[in-house]
Structure formats: C-alpha cells, structure tokens
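**Q** sharing a sequence plus its predicted fold:
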Amino acid sequence: MESYEGLEMETILQHLAEEQKPHRAVSPPIFHSSLFVYDNFAEFTAAQNATPGGPPYHYSRLGNPTVDIAERKVAALEHTEAAKVFSSGMAAISTAIMSLVEQGAHIVAIDTCYGVSKFMFDEFLPRFGVTTTYVDGLTPESVIDALRPETKLVYLESPSSLVFRLQDIKAITRSCREKGVVTIFDNSYASPIYQSPADMGIDIVVHSATKYLGGHSDITAGVVASTRERMDRMIRNEIAIFGSLIAPFPAWLMIRGMRTLPIRVKYHEQSANEVASWLERHPKIDRVLHLGLDSFDQKELFRKQMRGSGGLFTFIPKNQNRDEINAMADRLKIFQIGVSWGGFESLSVPITVEPLGWSGPTHIVRLYCGLESPKDLIRDLEQALIDLP
C-alpha cells in the first residue's frame, strides 16, 4: 500500500511508513544501530547533506529507520508535514521552546499548564533572560492583551492540567500569526484522535507520548510536530546539540501502541464519562471537572474544537481535610496511586493545588480511567468514599 489519500485515521495507523517489509515481516524490524555506513565517500557526504533525520540515515542521534516510522505516523495524525519523537515529553517540550527563545525574549503561557513546563518557565528560562507572563486563557483577549513586542511564543494547553480549562485556539492563533508570534500547543490530553491543533492554526504541536500514543505504560516518549522547514531547522540545531531523540526499541513500542490508539481513546472516554457522571451525583462530592459532562463550564467551546474527551478528570470532595482525602485514596483497590496516565491502568492522585489563577478548593483528586470495567471502577470508588467524613 503506497497511497493513503482518502483513507481514515485507523487505516493509516496500520500501514503508513511501513511499505518496506524485509523478509515479508508484518511487523517492522528494530534497527538497533547507532550509525549507518556507505560504500564510498560520495554516498556518505550525500547522506550527511540530505534532509536531516533521513533517509538516507547516517547517525541515530538525528534519525533512525524505526524511529522514522513512528514520526511519519504522528505527522499524519497531527496533519503536519513532519514530526520528531523524543525520549520524553519534557525533552520534546523543552526542545521546542528552546528553538524559539533568545535572551530578552518574552513568553505568554497558560497559568494552569503542566507543572514541569511551568517550572521551566519559572526557574530555568530566567537564567537566560527569558520572562513569562501567565494568563488564564479563558478568553482570547486574556492571551492577546499579554503580548509584547518582544513576545516570541504563546504556550497553550487545552484542556489545561488539573482544572481542564479550554482556550479558543482559532481566535488566539489568528491574532498571533498577525503579530508574528509562534504558538506551541500541548495536545497530550486529547490526542490527535479528538483534537487537531495544526488545523486550527497552531505552529508547533507537542505531546507526552508516554500517555495515549504509547498507551501501555512501558515507554517514556515525547513528540514535536510542525512544518518540514521548522523541523529541519530544529534537527540541525537543538536536536543535534541536545541529543534527546528516542531510541529504536521504545519507538517500536510506540508504533505498536499507536495501532490501537483510536480504540483505546474511545474506551477511556466512555469509561470516564460513566464514572464522572456517577461521581457528580455522589453526596460527598462537591464538583467534578470533566469535559464529557453536560455541567462542564465551556461545553460550547469543547464541541466547537474537540471531537471527544478523554479518560482523565478531577473531582473535588466536599470534605477538604487533606489527611482524610489521602486515606480515601489509600482505600482504593483498582485505582492505583501514581503519576502520569494514558496507559491501561486506572490511577488516582490526591493533590494539594494552588496554581496561579485557580481560586477553587485546595484539595482535589485527579482520576484516570484505564481499560478496566467502569462498573468495577465505580464500585471501587463507592467503597473508598464510604468512610470519607
């Protein structure tokens, strides 16, 4: 199969970039090679001067045949010209950001973005004279009014971490492009199945591929997807310097994970919607923050720019005693306590949260619904909540 025009995403994920089948193997080989050799110097020079990342390949720090398959699939999913896969989500995010800033640069970022991204804005970038202004992003004006002449990028995350705030992507990107400001968008929550940021004007899409794209809690990975020109420039500079691309074996695991991505994401959504609806009716729960509920504050914007919600949401207990909330989490048997999400297992994390711009209750619980039965997840929550005063 060589032509993918007109095919649906599910079909593309099974076949794109896998036209060559060595020994007729249905699964692609893992090229565990650090370098690639040539018969003569002319071929070697041509490989070095070719489009960075290959093919033709010459050094796996820049590109590798196995990794290339994963990258081509992600680019197709995100409707971008190219993509690179990194060793972690933060490796991807930090590389994308560092490719745009310089001394004296200014960033506008969502105040409830992922905590480690925020740490980079607060603690790392100021060492190099880069400043950040935080906005809630609830209106396009909150972002646009924060732009300055020295603003180099706007960092968006919709929905944002923990409190799941949405931003009006088209309105923000339209204004940013008029002003020559680059936009970066973290699409980890929705995955390409439920949101297409590049189609709404975003310049660079990033992911923690540890989450849904991997899907099995057995790799750490990240993604940057953008135009070919921008990615080539990044490969020749930041990627070549930092050397943070993924290794062949985890890239192969990511390829395997993406084959079932549409099926998994839909199940996570259905399960989370069922569990969140049950929690919303529970007398000991003050509020549930989940895009899939009719009570979600930005339901109209959700329907406008997303195709579905995911398996991750937050609930706020009426009881705001931290020790008692932690004890409730300890009583859970199927929901395990752990960071990250996007894999097969359900997770629970009690969090004491005081993000900038969040004026809600301090103690919340983040839940992720894995691939278990939602009926069992509800029973697990029910028995854990019984003893919560």
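**A** Arrived safely. Numbers count the residues shown, from 1 in each chain.
**Q** who's in contact with the residue nearest to the spatial centre of the chain?
**A** Note on the chain: the residue nearest the mean C-alpha position is S188, at 1.9 Å, using CA atoms, centre = their mean. Contacts here follow CB atoms under 8 Å, 6 or more residues apart in numbering; on that basis S188 touches G89, V206, H207, S208, K211, Y212, G342. C-beta coordinates here come from the backbone N, C-alpha and C atoms, glycine included.
**Q** now what about whatever helix or strand R366 lives in, what contacts it?
**A** In this structure, R366 sits in strand 363-368 according to DSSP states H and E. If you take CB under 8 Å, 6+ apart as the criterion, strand 363-368 is touched by 162, 272, 275, 311-317, 320-322, 325, 328-329, 335, 341-342, 346-353.
**Q** which of those residues count as buried?
**A** With burial judged by 16 or more other CB atoms under 10 Å, the buried subset of these is 162, 272, 275, 311-317, 325, 328-329, 335, 341-342, 346-351, 353.
**Q** so of those residues, which ones are in strands?
**A** Under the assignment DSSP state E, the buried ones among the contacts of strand 363-368 contribute L312, F313, T314, F315, I316, P317, L347, S348, V349, P350, I351 to strands.
**Q** what's near enough to touch the fifth one?
**A** By CB under 8 Å, 6+ apart, the residues touching I316 are I285, D286, R287, V288, L289, G360, P361, H363, I364, V365.
**Q** quick one: buried ones out of the residues you listed?
**A** Looking at those with 16+ other CB under 10 Å, the buried ones turn out to be I285, R287, V288, L289, H363, I364, V365.
**Q** identify the farthest-apart pair in those.
**A** The most widely separated members of the buried ones among the contacts of I316, counting by CB to CB, are V288 and H363 (14.6 Å).
**Q** check which element follows the longest helix seen in the chain along the chain.
**A** Using DSSP state H to define each element, the chain has its longest helix at helix 261-280. Beyond helix 261-280 on the C-terminal side, the first helix or strand identified by DSSP H and E is strand 285-289.
**Q** check which helices and strands that following strand sits against.
**A** Secondary-structure packing of strand 285-289 (3 or more CB pairs under 8 Å, 6 or more residues apart in numbering; DSSP states H and E): helix 261-280, strand 312-317.
**Q** run the chain-centre distance for the last one.
**A** Read it as strand 312-317. 19 Å (CA atoms, centre = their mean, to the nearest Å).
**Q** pLDDT on that strand, on average?
**A** Mean pLDDT, computed over strand 312-317, is 97.
**Q** got the angle for it vs strand 347-352?
**A** 50 degrees (axes from the mean of the first three to the mean of the last three CA atoms, to 10 degrees).
**Q** now the angle from strand 312-317 to helix 261-280?
**A** Using the same axes, to 10 degrees: strand 312-317 against helix 261-280 is 10 degrees.
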